[in-house]
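Asks: Let's see this in three dimensions:
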Amino acid sequence: MTLAIILIGLTAGILSGLLGVGGGLILIPAMVLLLELSQHTAQGISLLVIVPTAFAGVWRLNKEKLIDFTMVFYLSLGAVIGAVISASLIQSLSSTTLKTVFGMFIIAVGIYTLINAWRNSSKAKN
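Replies: Numbering: from 1, shown residues only. Got it, this is the predicted structure:
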């Protein structure tokens, strides 16, 4: 089981870096499907896993001067407030509802990404 967990983390780290997506998009479905964790538990674990991986990414990107710390401050301000609100809200949702909302979010992001890729592709050809 420990090896499976490490491999899920490794896969999430590699795909997150390659695709530029948050690890939660990979970790949460993997933990729910492969480790049979509840949606609530998987989301909680995913949030905590973000901390060390975010520090590693910040360290690398800051060396390249790619981080706008003013923007980080304002985004973090809103994100912390949103996290407090959602932490209260999530407790009132069933695991099924939470899975449905999460799945719909992933589908919406996927559709948006495909549309933008097609638009950018057609602009590049012109």
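Asks: Settle this for me: A12 is touching V21, isn't it.
Replies: No - contact status for A12 versus V21: not in contact, 9.5 Å apart, counting by Cβ atoms under 8 Å. C-beta: built from backbone N, CA, C; applies to glycine.
Asks: which of these two has more neighbours?
Replies: More crowded of A12 and V21, by other Cβ atoms under 10 Å: A12, with 24 against 15.
Asks: how much space between the more buried one and I26?
Replies: The spacing between A12 and I26, counted by Cβ to Cβ, to the nearest Å, is 4 Å.
Asks: On the three-state scheme, the residue most central in space within the chain is what?
Replies: The residue lying closest to the centre of the chain (Cα atoms, centre = their mean) is G22, at 2.9 Å. At G22 the chain is in coil, as set by DSSP: H, G, I helix; E, B strand; the rest coil.
Asks: got the contact list for the spatially closest residue to it that is not a sequence neighbour?
Replies: Of all residues not flanking G22 in the chain, S16 sits nearest, at 6.7 Å (Cβ to Cβ, 6 or more residues apart in numbering). Residues near S16 by Cβ atoms under 8 Å, 6 or more residues apart in numbering: G22, G23, L25, I26, T53.
Asks: How about M1?
Replies: Shown in contact with M1 (Cβ under 8 Å, 6+ apart): L35.
Asks: Give me the local confidence score for it.
Replies: Per-residue confidence (pLDDT) for M1: 84.
Asks: One more: L48?
Replies: Note for L48: predicted pLDDT of 92.
Asks: Residue numbering should commence at 41 henceforth.
Replies: Sure, I'll start counting at 41 from here, so that last one is L88.
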